[in-house]
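Visitor: Okay, here's the prediction I keep looking at, along with the sequence it came from:
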Amino acid sequence: MLSFVSKIFFLTYLCVYFQVNCSNDSINSKVKLFYVKSAVIYSSINLYLYYLWYRNQDLTYFHFFNDINEWHQIDKIGHAFSSFWISDYFYKNFLKINKNTNKHLKYSSVISFFLVSSIELYDGFGKGWGFSWFDVLANSCGSLFYLINTKYLINCFKFKISYHFTSYYKYNKELLGSNRVERIIKDYNGQTYWLNFNLNKLINIVPNFISLSLGYSVDGFIKANVKDYSPSVALQFKPQRQYFLSLDLNTDQIKIRNKFIKALLNVFNIIKFPFPALELKERKIFFHYIYF
């Protein structure tokens, strides 16, 4: 039911946008295709998230839940990451339809915020969760950061993600995922979120496709909240934060004519390119020849 309501919300927005911004003469097949594609993608994501997290959850009355102390807040960075890139998706597609930069930048950020936050409806009625204002705050930070970065910071920054499989899922498959696809989404131990800074914006002698990357990850989580660990379990798994320093490639700044290779490299516009990295953990510094 909630999935159906969220899709109706999105489709209603599309209809309003058509009426306000497009005359009958200006609507062409490419514009229609973009809206249909967006609706299909959004609906598919909602259905998959329902299957992944909520289908086995008992429903209850709508309620709130304070989850700020869970996962050492890496899930909040994940919310900001999602809002950032959904804003980018809409903004770049809106520009293909109409070149009104400022208007579409605002629209894209607002739409991204509401689309990502609509998922909180699931949590609000789920017995095992609740509506989180901190998730909503993280969503707004991601959308707002995209607007500021695009309009005022000449796209100096970019969010990216990398992932490596861990063995923690063996101890809690329901929470961390029972197969590889689920583990990529559920197991925060394997996720690293990166904030990339284009060094060329600061130092002109550095190639435009090279960036400095700061990463954040967690390790040792088999439950969401460290307070739920017994002393012996906490000693065994040692839930902790990890910080990384690395370089990265701005693949969208590399000029390539071959469309297939360009499309392949564009994947690394969101996913961090594997590079050597320094890791700070437990006040100790470790070096990785390749980290992903």
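Guide: Okay, I see it.
Visitor: what's the following helix or strand after the helix or strand encompassing residue 47?
Guide: Here residue 47, judged by DSSP states H and E, is contained in helix 29-49. Sequence-wise, the next helix or strand downstream of helix 29-49 (DSSP H and E) is helix 74-97.
Visitor: what does that next one rub up against?
Guide: The contact list for helix 74-97 (C-beta atoms under 8 Å, 6 or more residues apart in numbering) reads 22, 30-31, 34, 38, 67-68, 101, 104-105, 107-109, 111-113, 115-116, 134-135, 137-143, 145-147, 150, 159, 161, 188, 191, 193, 216-218, 270. No exception for glycine: its C-beta is placed from N, CA and C like everyone else's.
Visitor: Next SSE downstream of that helix?
Guide: helix 101-117.
Visitor: in stretch 160-167, what's buried?
Guide: Neighbour-count burial for stretch 160-167, with 16 or more other C-beta atoms under 10 Å as criterion, is recorded at 160-163, 166.
Visitor: what's the offset of it from the middle of its chain?
Guide: Distance of stretch 160-167 from the chain centroid (C-alpha atoms, centre = their mean, to the nearest Å) equals 14 Å.
Visitor: end-to-end on that stretch?
Guide: 23 Å (C-alpha to C-alpha, to the nearest Å).
Visitor: Give the rounded mean pLDDT of it.
Guide: For stretch 160-167, the mean per-residue pLDDT is 96.
Visitor: which other residues reach it?
Guide: Counting by C-beta under 8 Å, 6+ apart, residues outside stretch 160-167 touching it are 81, 180, 183-184, 187, 189-194, 196, 213, 215, 219, 248, 270-272, 274, 291-292.
Visitor: Then stretch 262-271?
Guide: 85, 158, 160-162, 249-252, 254, 256.
Visitor: what's the distance between the residue positioned nearest the centre of the chain and residue 253?
Guide: Nearest residue to the geometric centre of the chain (C-alpha atoms, centre = their mean): residue 82, 2.7 Å. As defined by C-beta to C-beta, to the nearest Å, residue 82 lies at a distance of 23 Å from residue 253.
Visitor: Which single one of the contacts of stretch 262-271 is nearest to residue 200?
Guide: Among the contacts of stretch 262-271, residue 250 lies closest to residue 200 (C-beta to C-beta), at 8.4 Å.
Visitor: same for the helix holding residue 47, what does it pack against?
Guide: Judged by 3 or more C-beta pairs under 8 Å, 6 or more residues apart in numbering; DSSP states H and E, helix 29-49 is in contact with helix 2-21, helix 74-97.
Visitor: That'll do, ta.
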